[in-house]
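Novice: okay, structure incoming, though there's no sequence with it:
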C-alpha cells in the first residue's frame with residue numbers, strides 16, 4: 001500500500017469516527033428536553049412556581065409547587081397549576097393558599113391527571129383578600 005493510500009484510508013477512518021460521534025450527539029440531544037422545567041411568575045405581593053420534569057403529551061403531570069408571600073399587607077397568596085388539553089382547553093386546578101403571612105412560603109408536591117391529555121402547563125400566582133382575587137400573574141411552559 002502506498003503512502004498516499006495509507007493517508008487516504010486514515011482520513012476516511014477518522015472522518016467516519018467524527019461522523020459517528022456527531023450522529024450520537026444528535027441522537028442523544030432529545031434527552032435534554034426531558035430535563036425539569038419551571039414555570040414561575042411574580043405579581044405584587046406574591047411569587048410562585050411549578051417545577052416538573054413533564055415533557056410532551058400525557059395524561060398525568062407530577063410537580064412541586066411553591067408560593068411565597070412577599071408583602072406585609074395582611075393579604076394571603078395562592079398558586080395553582082394550569083394546563084391545556086389536546087384541544088387547547090385550559091384547566092385551572094385548585095388553588096393552594098399560603099396563609100402564614102409575610103416572608104413565608106408554602107411548598108408542596110402533587111400531581112394532576114386529565115384524561116383529555118396534558119399538552120401545555122404553567123402556573124398562576126395571585127394575591128387575595130378573602131376569596132377576592134386582587135392581582136395575579138400567569139406563566140406557561
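Specialist: Sure thing, it's come through. None of these values were measured; they are calculated from a predicted model.

Novice: what distance do you get for the residue positioned nearest the centre of the chain to residue 63?
Specialist: Closest residue to the average C-alpha location of the chain: residue 37 at 3.0 Å, with CA atoms, centre = their mean. Distance of residue 37 to residue 63, computed by CB to CB, to the nearest Å: 10 Å. For the C-beta atoms, the positions are set from N, CA and C on the backbone; glycine is no exception.

Novice: and for the two, which residues touch both?
Specialist: Taking CB atoms under 8 Å, 6 or more residues apart in numbering as the contact rule, residue 37 and residue 63 both touch 51-52, 54.

Novice: quick one, which of those are buried?
Specialist: Buried members of the shared contacts of residue 37 and residue 63, scored by 16 or more other CB atoms under 10 Å, are 51-52, 54.

Novice: from these, which ones fall inside strands?
Specialist: 51-52 (DSSP state E).

Novice: number of residues surrounding residue 140?
Specialist: Applying other CB atoms under 10 Å, we find 14 residues neighbouring residue 140.

Novice: ignore the last one, residue 85
Specialist: Close neighbours of residue 85, defined as other CB under 10 Å, add up to 17.

Novice: got a pLDDT number for it?
Specialist: Looking at residue 85, its pLDDT stands at 94.

Novice: and it, what does it touch?
Specialist: Contacts of residue 85 (CB under 8 Å, 6+ apart): 91, 114, 116-119.

Novice: tell me the most packed of those, by neighbour count.
Specialist: Neighbour counts for these, by other CB under 10 Å, peak at residue 118, which reaches 22 neighbours.

Novice: from residue 123, how far out is the nearest residue to residue 109 once chain neighbours are set aside?
Specialist: Sequence neighbours aside, residue 64 is the residue nearest to residue 109 in space, at 5.1 Å (criterion: CB to CB, 6 or more residues apart in numbering). According to CB to CB, residue 64 stands 11 Å off from residue 123.
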